[in-house]
Structures are given as C-alpha cells and as structure tokens.
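A.B. asks: Task: produce atomic coordinates for the following.
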Amino acid sequence: MSTRTSRSAVCLAASVLLVVLVGACAVRSGELSTTDEAATVAPTTTTIPPPTADERAWLDAIPALTAKVDKSMAAVTNLSAAAMARLGKSLQSCTRDLMKGGSPSDRLQPAYALVTKACKEYDKGAVCFATAAKIGIAYVGTPEEKIQTKAINCGLAAPATGSVLLVDAETKGAKIIGEDS
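C.D. replies: As a prediction, this is how the structure comes out:
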C-alpha cells in the first residue's frame, strides 16, 4: 500500500469516527431535534376508513330534513293558525327525525354537535309557531297582535339559522369521512 493511499484511508476512517462521535454526543446531550428523530422513523400513511352504513344513513338524513322543512315552508301561502301549527310540527322533525337515532359514531361527533344546535333552533321556532297559532286571529293594535308578530318572526327566523347549521354539519361530516373532494 502506498503512503498516499494509507494516508487517505486513515483520513477517511478518522472522518467517519468523528461523525459517529459527534452524533453520539448530540444524542446523549438531548440535542437531537424532533425533526431529526422524525427523519429516522419511516413515514406512515393514514387512510380514512369508509363510512359505515349507519354513518352514511345519518349523514344522508341531514339534507333530507332540510329539504322537508324547506318544502313545508314554501307550501305556506297564508299564515293561518293551522298553517302555523303545521310549520311548528315540521320544525320539530329535526329533533324527532335526526336525534331519535341517537348519537352517531365518535368520529362524527363534531357534525353531531352542529346538528344538535340546529335542532335547538328548529325547536325554538316550533315553540314560536305554536305560540302564534294559539292566538289565532289577532286584531291590529292589540297586545295579542304584538305577541303573535314576534312569535311569527321568531318562527320564520329559526329555519334560516337552523339550515345554515345543518349545511355546516353536512359539510363537516363529509370532510370527516373523506368525501369532501
């Protein structure tokens, strides 16, 4: 072996030894950052499991309910006592239909929280329409007319607020189960 080759080999070995020692010192002193540690671990891929039949049914019920309430609201051309009572029952269908099946899977809890808020808004509107319907025909300028007007406005506002929350719940649910593309 020539002097030049052996000198190169010694330099290479010394360089490798130095890198190993510096690396060992860094690990011992805790100077290895989390990004360095993460680089040594193989990356994992996460896949979202497909929705179960129950999850799919629960998510599909959200737009169905919105359509049902919208249809009942559009069908009213005259706010008679009977029409207001029907609107109240329609708004109660949120709690009756969406909440009767109970809570969905753990992963859909964020969407369920929005549905719960929406149903509370619809329930509030149902109470308002029931109040307005009980008054019947209110004469202009009477205290009953003021109560009824306030109740009707409350009843009409509830579907607007509730439907926004239901759309948000539907969107959130789709993202959770990986159907947001």
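A.B. asks: Please look at Ile48 and Gly178 and confirm they touch.
C.D. replies: Yes: with contacts counted by CB atoms under 8 Å, Ile48 reaches Gly178, the gap being 3.7 Å. All C-beta spots, glycine's among them, are computed from the backbone N, C-alpha and C.
A.B. asks: Low-confidence ranges, this structure, go.
C.D. replies: 1-46, 101, 180-181 (pLDDT under 70).
A.B. asks: Relative to Pro51, how far out is the residue nearest to Ala82 when sequence neighbours are not counted?
C.D. replies: Leaving aside its chain neighbours, Ala82 sits nearest to Ala133 (7.5 Å; criterion: CB to CB, 6 or more residues apart in numbering). Per CB to CB, to the nearest Å, Ala133 is found 40 Å from Pro51.
A.B. asks: What of Ala157?
C.D. replies: Taking CB to CB, one finds Ala157 at 33 Å from Pro51.
A.B. asks: more neighbours, the two?
C.D. replies: Neighbours were counted for Ala157 and for Pro51 using other CB atoms under 10 Å; Pro51 has more, 22 against 14.
A.B. asks: Please identify which helix or strand holds that one.
C.D. replies: Here Pro51 is covered by no helix or strand, with elements defined by DSSP states H and E.
A.B. asks: is it true that it touches Trp58?
C.D. replies: No: Pro51 is beyond contact range of Trp58, at 9.1 Å (criterion: CB under 8 Å).
A.B. asks: just to revisit the earlier point, neighbours of the residue nearest to Ala82, how many?
C.D. replies: So Ala133, with other CB under 10 Å, has 22 neighbours.
A.B. asks: tell me what the helix or strand containing it is packed against?
C.D. replies: Element membership for Ala133, per DSSP H and E: helix 109-135. The contact analysis (3 or more CB pairs under 8 Å, 6 or more residues apart in numbering; DSSP states H and E) places helix 109-135 against helix 53-75, helix 81-93, helix 143-176.
A.B. asks: domain ranges for this protein?
C.D. replies: The chain breaks down by automatic domain parsing into domains covering 3-40, 53-176.
A.B. asks: out of the ones you listed, deepest packed?
C.D. replies: Mean neighbour count (mean count of other CB atoms under 10 Å) peaks for domain 53-176 among these, with a mean of 17.
A.B. asks: Pull the distance from it to the chain's centre.
C.D. replies: Distance of domain 53-176 from its chain centroid, counting by CA atoms, centre = their mean, to the nearest Å, is 18 Å.
A.B. asks: so can I have JSON lines of the helices and strands packed on helix 109-135 showing distance to Ala126?
C.D. replies: Shown next, in JSON lines, are those (distance: least, CB to CB, whole Å):
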{"stretch": "helix 53-75", "distance to Ala126": "11"}
{"stretch": "helix 81-93", "distance to Ala126": "4"}
{"stretch": "helix 143-176", "distance to Ala126": "8"}
